[in-house]
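> Generate a structure from the sequence data that follows.
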Amino acid sequence: AYLTPHALCVSDEDRMLSYAEFDQQVDILSRALVHHGVGEGHAIGTCARNSIELLTLMHAAARVHARFVTFNFWLRDGELRELIEHSRIDLLLVDSYTAERSLGATAGLENPPTVVSVDDDVDRALPWNELASHGLGSDAPTASPTRDFPFWMMYTSGTTGRPKGVLRSMENTMKCLWYGVMDYEFRDSDVFLAVAPMFHGVTFLPLMVLQKGGHVVVRKEFDAKAVVSDIVRLGITASFLVPTMLGRISREDAFESLADSELRILVTGAAPRDVALESRVAPVLGHVLHEFYGATETGFVSVLRPSDRQDRRGSCGQIGIGMEVQIRDDDGTALATGQVGEIYTRSDGGITEYFRDAQATEEALVDSWFATGDIGRLDEGGFLYILDRKKDMIISGGENIYPSEVESVLAAYPGVAEAAVVGVKDADWGESVIAFVVLEPGETVEPRELNAHCRSLLASFKCPREITVIDELPRSSVGKVLKRELRISRELEKENT
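Predicted coordinates:
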């Protein structure tokens with residue numbers, strides 16, 4: 001706003017704001033928040049689709065020293081309620097898509113947050129414009145961010161499936177942004193299309209473009225036809241798409257028109273690598289694909305650039321700027337280059353702490369090193385290779401799904417003795433959720449009943465796409481469920497049919 005006040009900053013279908021105009025909106029909202037008693041020591045949550053308002057609120061939270069918390073807007077009432085209670089937010093941003101679930105999740109809470117809606121047609125919520133109006137002409141003080149200010153919090157689930165709030169200080173947030181700016185070589189001339197949900201860590205990417213003085217085009221949600229049109233029509237130069245999104249735009253009739261587009265950086269990741277998909281899109285898009293490896297806690301650990309894709313087949317990229325990586329054995333001893341072990345990372349752009357969970361923080365950060373739970377190796381050029389993923393975790397359409405959560409829901413249904421959930425390859429989603437259940441003796445339960453039960457309690461992306469009733473789960477000599485055997489039996493069954 002100081003260097004290029006008249007440059008285009010953010011836009012959506014109806015609005016275009018310069019850096020000076022966006023800064024003014026952030027300033028007005030900051031003062032409105034203070035007017036409502038939201039400032040240092042308070043927390044602001046969002047459960048809404050992408051919008052300029054969401055970005056404005058994020059920047060305003062930084063100015064008033066409030067913790068900024070993003071919630072997955074696909075969660076059901078009960079799931080969302082648990083996170084709202086844990087996060088201790090004072091204000092929650094919603095929209096017409098999420099309002100009913102969000103209001104249901106906050107109902108009856110001992111200290112419910114003030115609910116603010118981006119859209120005007122939401123009952124029982126304070127309209128955005130009414131909130132912002134309290135900042136007009138107000139001289140309420142706002143503050144500049146400090147180095148140790150606890151700022152951005154995103155939720156992730158650990159291997160137990162229990163949600164944890166990954167909190168970064170302002171300093172760590174800014175370092176993660178600037179390391180990424182250098183890793184991806186963003187420019188002030190870039191036009192970034194933001195279609196991935198802004199509750200994800202990949203929201204760092206459009207923020208990187210703003211840090212460089214580029215233009216971010218905000219879309220509420222992903223629509224394949226609209227993405228192809230926007231890239232061509234708006235001169236989009238950069239974006240992020242999970243492989244599922246990339247696969248869908250590649251099936252659009254107008255996909256080949258992207259061969260003449262200005263797209264130069266298309267970041268992908270958050271799902272198992274799809275070589276067949278890459279081979280299909282590369283002839284049209286050219287050398288634009290940037291693949292990353294990382295986690296909510298770590299930020300961007302490695303980046304595989306277009307120039308390295310041929311020479312480093314199987315790699316997820318070179319270690320990023322500001323990132324350290326060690327491969328360790330089971331005893332925690334660092335291994336030599338080329339040896340296989342667990343991946344540990346360290347960066348001053350990563351997690352500061354798990355919110356309200358000192359034990360988890362202590363277990364995850366050993367001498368500031370983070371244990372990823374992934375197995376891999378490093379080569380002599382500093383390129384990372386992932387050989388196995390976090391045990392049992394499923395990635396479907398870019399969303400992390402922890403089987404234990406789905407298994408608990410299935411096992412709670414009357415007549416179900418136990419359940420096991422695995423992920424299997426899916427051409428569209430990357431992986432699909434498949435469930436196996438064992439019934440209590442004499443009980444009869446239909447898969448459709450279990451499917452309805454899951455959909456009533458879980459976000460749709462977590463629900464099994466297939467549910468199979470079996471006599472017993474395969475187990476090891478010590479009673480451990482052998483999920484690998486379940487995957488193999490399912491694949492054999494598919495081949496035979």
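
> And His200, what's its pLDDT?
You'll see His200 listed with a pLDDT of 90.

> helix, strand or coil for the spatially closest residue to Leu136 that is not a sequence neighbour?
Once flanking residues are discounted, Leu136 sits nearest to Ile28: 6.1 Å by CB to CB, 6 or more residues apart in numbering. Glycine gets a C-beta too; all of them are placed from N, C-alpha and C. Taking DSSP: H, G, I helix; E, B strand; the rest coil as the rule, one finds Ile28 in the helix state.

> Compute the number of surrounding residues for the residue nearest to Arg305 when sequence neighbours are not counted.
The shortest distance from Arg305 to any non-neighbouring residue, by CB to CB, 6+ apart, is to His290 (5.9 Å). By other CB atoms under 10 Å, 24 other residues sit near His290.

> Can I take it that His290 is in a strand?
Yes: assessed by three-state DSSP, His290 belongs to a strand.

> What residues does it make contact with?
Shown in contact with His290 (CB atoms under 8 Å, 6 or more residues apart in numbering): Tyr184, Ile265, Leu266, Val267, Thr268, Val303, Leu304, Arg305, Pro306.

> Quick one: those residues as JSON lines, columns for distance to Tyr402 too.
Shown next, in JSON lines, are the contacts of His290 (distance: CB to CB, whole Å):
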{"residue": "Tyr184", "distance to Tyr402": "29"}
{"residue": "Ile265", "distance to Tyr402": "31"}
{"residue": "Leu266", "distance to Tyr402": "28"}
{"residue": "Val267", "distance to Tyr402": "24"}
{"residue": "Thr268", "distance to Tyr402": "23"}
{"residue": "Val303", "distance to Tyr402": "26"}
{"residue": "Leu304", "distance to Tyr402": "26"}
{"residue": "Arg305", "distance to Tyr402": "31"}
{"residue": "Pro306", "distance to Tyr402": "33"}
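
> Against Leu57, how distant is the residue nearest to Leu136?
Separation of Ile28 from Leu57 (CB to CB, to the nearest Å): 12 Å.

> between those two, who's got more neighbours?
Between Ile28 and Leu57, Leu57 has the larger neighbour count (other CB under 10 Å), namely 28 against 19.

> I'd like the distance between the more buried one and Ile321.
Counting by CB to CB - Leu57 and Ile321 are separated by 29 Å.

> for the stretch 151-300 of the chain, which spans come out with low pLDDT?
157-161, 270-274 (pLDDT under 70).

> quick one on the thing from earlier: could you verify my assumption that the residue nearest to Leu136 touches Ala132?
Yes: between Ile28 and Ala132 there is a contact under CB atoms under 8 Å: 5.7 Å.

> Please report phi then psi for the most centrally placed residue in the chain.
Nearest to the mean C-alpha position of the chain, by CA atoms, centre = their mean, lies His200 at 2.4 Å. Here is the backbone geometry of His200 (degrees, to the nearest 10): phi -90, psi 160.

> Likewise for Ser302?
Per degrees, to the nearest 10, the backbone of Ser302 is at phi -140, psi 160.

> who's it bridged to?
Taking DSSP bridges as the rule, Ser302 bridges to Tyr293, Ile319.

> Around it, how many other residues sit close by?
Under the neighbour criterion other CB under 10 Å, Ser302 is assigned a count of 28.

> who touches it in this structure?
Taking CB under 8 Å, 6+ apart, we find Ser302 in contact with Phe292, Tyr293, Gly294, Cys316, Gly317, Gln318, Ile319, Gly320, Met323, Val325, Phe383, Leu384.

> and the two most separated of those?
Maximum pairwise distance in the contacts of Ser302, criterion CB to CB, is 14.9 Å, between Gly294 and Phe383.

> so how far is Phe222 from Gly320?
Using CB to CB, we find Gly320 at a distance of 26 Å from Phe222.

> Show me which of the two is the more surrounded one.
Counted by other CB under 10 Å, Gly320 and Phe222 do not tie: Gly320 has more neighbours, with 28 against 19.

> Surely the more buried one touches Val181?
No: applying CB under 8 Å, one finds Gly320 not in contact with Val181, separated by 11.2 Å.

> Lys175 sits in which helix or strand?
Following DSSP states H and E, one finds Lys175 within helix 170-184.

> So which elements touch that helix?
Applying 3 or more CB pairs under 8 Å, 6 or more residues apart in numbering; DSSP states H and E, one finds that helix 170-184 makes contact with strand 150-157, helix 204-212, strand 299-304, strand 341-347.

> Export those to TSV and append columns for distance to Glu485.
Shown next, in TSV, are the helices and strands packed on helix 170-184 (distance: least, CB to CB, whole Å):
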stretch	distance to Glu485
strand 150-157	25
helix 204-212	39
strand 299-304	31
strand 341-347	24
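
> For Tyr413, which of these is the nearest?
Ranking the helices and strands packed on helix 170-184 by proximity to Tyr413 (CB to CB) places strand 150-157 first, at 21.3 Å.

> what distance separates that closest one from the middle of the whole chain?
Distance of strand 150-157 from its chain centroid, counting by CA atoms, centre = their mean, to the nearest Å, is 11 Å.

> hang on, the earlier thing: if I look at the residue nearest to Arg305, how far off is Lys225?
His290 is 24 Å from Lys225, where distance means CB to CB.

> for the spatially most distant residue from the centre of the chain, helix, strand, or coil?
Farthest-out residue of the chain from its mean C-alpha position, per CA atoms, centre = their mean: Gly442, at 42.7 Å. Put simply, Gly442 is coil when judged by three-state DSSP.

> Quickly find the element holding the closest residue to Cys463 other than its chain neighbours.
Nearest non-adjacent residue to Cys463, counting by CB to CB, 6+ apart: Cys454, 4.4 Å away. Element membership of Cys454 [criterion: DSSP H and E] is helix 447-457.

> cool, and Phe370?
Mapping Phe370 onto the secondary structure by DSSP H and E places it in strand 369-378.

> Just the buried residues of stretch 87-102, please?
87-95, 97-99, 101-102 (16 or more other CB atoms under 10 Å).

> In a markdown table, list the residues you listed along with pLDDT.
Listed next are the buried residues of stretch 87-102 as a markdown table, based on pLDDT from 0 to 100:
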| residue | pLDDT |
| --- | --- |
| Ser87 | 98 |
| Arg88 | 98 |
| Ile89 | 98 |
| Asp90 | 98 |
| Leu91 | 98 |
| Leu92 | 98 |
| Leu93 | 98 |
| Val94 | 98 |
| Asp95 | 98 |
| Tyr97 | 96 |
| Thr98 | 97 |
| Ala99 | 97 |
| Arg101 | 96 |
| Ser102 | 97 |
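
> For Arg76, state which of the residues you listed is nearest.
Within these, the smallest distance to Arg76 is 6.8 Å, found for Arg101 (CB to CB).

> what's the next secondary structure element after the host helix or strand of the closest one?
Per DSSP H and E, Arg101 falls inside helix 99-106. Proceeding C-terminally, helix 99-106 gives way to strand 114-117 as the next helix or strand, assigned by DSSP H and E.

> Residues in contact with that next one: which ones?
Contacts made with strand 114-117 from outside it, assessed by CB under 8 Å, 6+ apart, are listed as 36, 90-96, 99, 102-103, 106, 124-128, 131.

> Please flag which of these sit within strands.
The strands, defined by DSSP state E, take in Leu91, Leu92, Leu93, Val94, Leu126, Pro127 from the contacts of strand 114-117.

> out of everything not next to it in sequence, what's closest to the fourth one?
Nearest-residue entry for Val94: Ser102, 4.4 Å, with adjacent residues in sequence omitted and distances by CB to CB, 6+ apart.

> Next one: that neighbour relative to Cys463, how far apart?
For Ser102, the distance to Cys463 (CB to CB) stands at 20 Å.

> same question, Val228
Relative to Cys463, and taking CB to CB, Val228 is found at 29 Å.

> now swap in Val118 and tell me
Val118 is 27 Å from Cys463, by CB to CB.
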